[in-house]
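# coordinates for the following, if possible.
(one chain, ligands or ions: 1)
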Amino acid sequence: MGILEIAKAGQINEEMRTIARAEGLEPELVRARIAEGQIVVPLNTNRPARVVGIGRGLATKVNASIGTSTDICDVAAEVAKARAAQAAGADTLMELSVGGDLDLVRREVLAAVELPVGNVPLYQAFSEAERKYGDPNKLDAEMLFDLIERQCADGISFMAVHCGINRETLLRLERQGYRYGGLVSKGGASMVAWMMKHGRENPLYEQFERVAGILKKYDVVLSLGNGFRAGAIADSSDRAMVQELVINCELAEWGRKLGCQMMVEGPGHVPLDEIAANINLQKRMSNHAPYYMLGPLPCDIGAGYDHVTAAIGAAQSARFGADLICYITPAEHLALPTREDVIEGVKVSRLAVHIGDLAKYPERRGRDAAMSKARRDLDWQRQYDLALFPDDARRIRGERCPEGDSHVCTMCGKFCANKGANAVFGGLLAESAKR
Ligand code: SF4
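Numbering: from 1, shown residues only. From the prediction side, this is the model:
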């Protein structure tokens with residue numbers, strides 16, 4: 001039995017206890033939400049991975065994506081990025097290679113980290129069709145299902161599968177007269193081209209039960225891909241995107257009934273004022289299926305700093321209920337990220353979801369309150385202990401430490417506001433220390 005069926009049967013297993021401990025919740029609450037499909041746990045019967053809960057009432061998690069491209073294909077570099085993402089604090093990893101020996105990259109990455117690893121099967125499917133026949137549109141549906149099974153058997157824990165693209169979604173796109181940013185999902189655009197070339201329905205939609213059946217067999221989370229996600233804020237919430245969201249929410253409900261863990265993917269590019277509405281729609285239509293947002297990016301012109309652009313969107317989306325955030329690196333829209341870009345992307349995203357979680361769960365502000373006290377008390381060791389990025393904090397202070405009074409820092413030096421105020425309010429300080 002998979003974890004969803006175990007939860008539906010009213011049983012609490014070790015994974016549920018692990019999540020409850022990590023999140024400070026009752027195991028029964030975690031079980032009940034898994035049973036409802038509101039929490040998912042990316043697992044694989046063939047590969048033990050770190051237990052990570054994603055969903056309602058849990059801390060918002062961060063995903064890092066790595067993978068070769070057709071231009072830059074260095075397996076060792078991708079493995080190094082995967083390890084760096086894990087060390088920087090990513091909760092999950094997506095292996096999204098499209099260049100080189102794709103089975104090899106996947107297996108090397110799976111062996112290199114303990115994180116749950118996700119992927120997008122359409123990438124390899126269309127890449128292999130292109131290599132074999134010189135034309136990705138010659139993809140054979142049976143080969144796609146075999147590939148999904150092979151990737152599951154290797155140990156993938158969550159899969160972004162583009163089941164929600166169907167003839168209705170395409171019709172919406174045609175009737176609205178295309179869009180500013182076109183289609184920005186690689187898997188989505190390739191599937192649309194295949195459907196139009198053959199005049200056929202998407203096999204992943206047509207044979208949804210078969211997809212869910214394969215993933216269920218390995219206890220893998222089916223993450224319903226957002227193939228029509230907006231890649232421009234001008235396209236956000238357009239009819240094509242909303243149509244796919246409706247279908248994905250319908251499929252999420254259906255998949256859960258089949259015993260498969262389900263998650264829904266979101267956009268993309270969304271202006272700040274539309275983020276809450278997008279999340280509310282997804283949550284209402286899917287009965288709170290975990291929502292995996294790709295940021296979102298709330299503007300289109302931040303290239304070079306799009307990790308910051310996405311972090312602003314991510315803080316908002318975490319606040320309003322997104323459950324897993326895909327990081328964005330400084331190389332977004334420009335190039336394949338380096339290892340340094342990956343580290344930067346993970347850290348900025350972790351900061352963003354923490355900010356979002358402070359608003360989503362106001363009762364969980366204790367660490368921030370403790371940091372404020374440590375700052376007031378000029379307790380530098382305590383500040384490092386509480387910081388999200390202690391090594392960076394220690395390094396920056398170490399590089400520019402005052403030569404005289406080591407209690408203060410070189411920002412204000414002898415005019416240190418805290419030192420001065422602590423001297424004036426010594427009595428009150430002693431009182432508050434007792435609390
Ligand atoms: S010197 Fe200024 S910035 Fe540094 S600890 Fe004191 S008040 Fe804070």
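# C-alpha only now, for contacts and for neighbours.
Fine.
# remind me, longest strand of this protein?
When the chain is parsed with DSSP state E, its longest strand is strand 61-66.
# buried set for that strand?
The neighbour-count check on strand 61-66 (16 or more other CA atoms under 10 Å) flags 61-66 as buried.
# what helices or strands is it leaning on?
Strand 61-66 sits against helix 75-88, strand 92-95, strand 324-326, helix 339-360, with contacts defined as 3 or more CA pairs under 8 Å, 6 or more residues apart in numbering; DSSP states H and E.
# could you pull out the strands for the stretch 151-300 of the chain?
In the stretch 151-300 of the chain, the segments counted as strands under DSSP state E, counting those that start in this stretch are 158-161, 221-224, 262-265, 291-293.
# what's the most buried one of those?
strand 262-265 (a mean of 31; mean count of other CA atoms under 10 Å).
# can you pull out the residues in contact with that one?
Outside strand 262-265, the residues that touch it by CA atoms under 8 Å, 6 or more residues apart in numbering are 37, 40, 160, 221-226, 248-249, 252, 255-256, 289-294.
# need the strands of the stretch 151-300 of the chain in TSV (columns: mean pLDDT and distance to R131).
Formatted as TSV, those follow (pLDDT from 0 to 100; distance: least, CA to CA, whole Å):
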stretch	mean pLDDT	distance to R131
strand 158-161	98	21
strand 221-224	98	26
strand 262-265	98	29
strand 291-293	97	31
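# would CSV of these with distance to I19 be doable?
As requested, the strands of the stretch 151-300 of the chain are arranged in CSV below (distance: least, CA to CA, whole Å):
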stretch, distance to I19
strand 158-161, 17
strand 221-224, 16
strand 262-265, 17
strand 291-293, 18
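# and Q11, how many residues sit next to it?
Per other CA atoms under 10 Å, the neighbour tally for Q11 reads 14.
# give me the nearest residue to it, chain neighbours excluded.
R31 (7.5 Å; CA to CA, 6 or more residues apart in numbering).
# name the helix or strand for the one you found, please.
Taking DSSP states H and E as the definition, one finds R31 inside helix 27-36.
# so how far is the next helix or strand after that helix off the chain centroid?
Remark: after helix 27-36, the chain's next helix or strand is strand 39-40, criterion DSSP H and E. Between the centre of strand 39-40 and the centre of its host chain there is 13 Å, according to CA atoms, centre = their mean, to the nearest Å.
# okay, now the sheet partners of strand 39-40, with direction.
strand 54-55 (antiparallel) (DSSP bridges).
# for the ligand, what's the nearest residue on the stretch 201-350 of the chain?
At 22.1 Å from the ligand, V348 is the closest residue in the stretch 201-350 of the chain, using CA to the nearest ligand atom.
# residue contacts, that residue?
307-308, 311.
# same question, G164
Contact analysis of G164 by CA under 8 Å, 6+ apart lists 205, 224-227, 244-245, 247-248, 251.
# that older thread, can I get the CA coordinates of the helix holding R31 in PDB?
The C-alpha trace of helix 27-36 is given here as PDB (Å, rounded to 0.1, in the frame of the first residue of the first chain):
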ATOM      1  CA  PRO A  27       0.800  12.700  13.700                       C
ATOM      2  CA  GLU A  28      -3.000  12.300  13.400                       C
ATOM      3  CA  LEU A  29      -3.300  15.600  11.700                       C
ATOM      4  CA  VAL A  30      -0.600  14.700   9.200                       C
ATOM      5  CA  ARG A  31      -2.300  11.400   8.600                       C
ATOM      6  CA  ALA A  32      -5.700  13.000   8.100                       C
ATOM      7  CA  ARG A  33      -4.300  15.600   5.600                       C
ATOM      8  CA  ILE A  34      -2.400  12.900   3.600                       C
ATOM      9  CA  ALA A  35      -5.700  10.900   3.500                       C
ATOM     10  CA  GLU A  36      -7.500  14.000   2.100                       C
END
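# avg pLDDT for that helix?
Average pLDDT, helix 27-36: 98.
# now for that helix, which elements pack on it?
Helix 27-36 sits against helix 3-8, helix 14-23, strand 39-40, with contacts defined as 3+ CA pairs under 8 Å, 6+ apart.
# starting at the chain centroid, how far to it?
With CA atoms, centre = their mean, you get 21 Å for helix 27-36.
# just the helices and strands packed on helix 27-36: most buried one?
strand 39-40 (a mean of 27).
# contact partners of that one?
For strand 39-40, using CA under 8 Å, 6+ apart, the contacting residues are 30, 33-34, 53-56, 221, 261-263, 289-290.
# residue contacts, the nearest residue to S69 once chain neighbours are set aside?
Using CA to CA, 6+ apart and skipping the chain neighbours, the partner closest in space to S69 is G99 (4.7 Å). The contact partners of G99, by CA under 8 Å, 6+ apart, come to 68-73.
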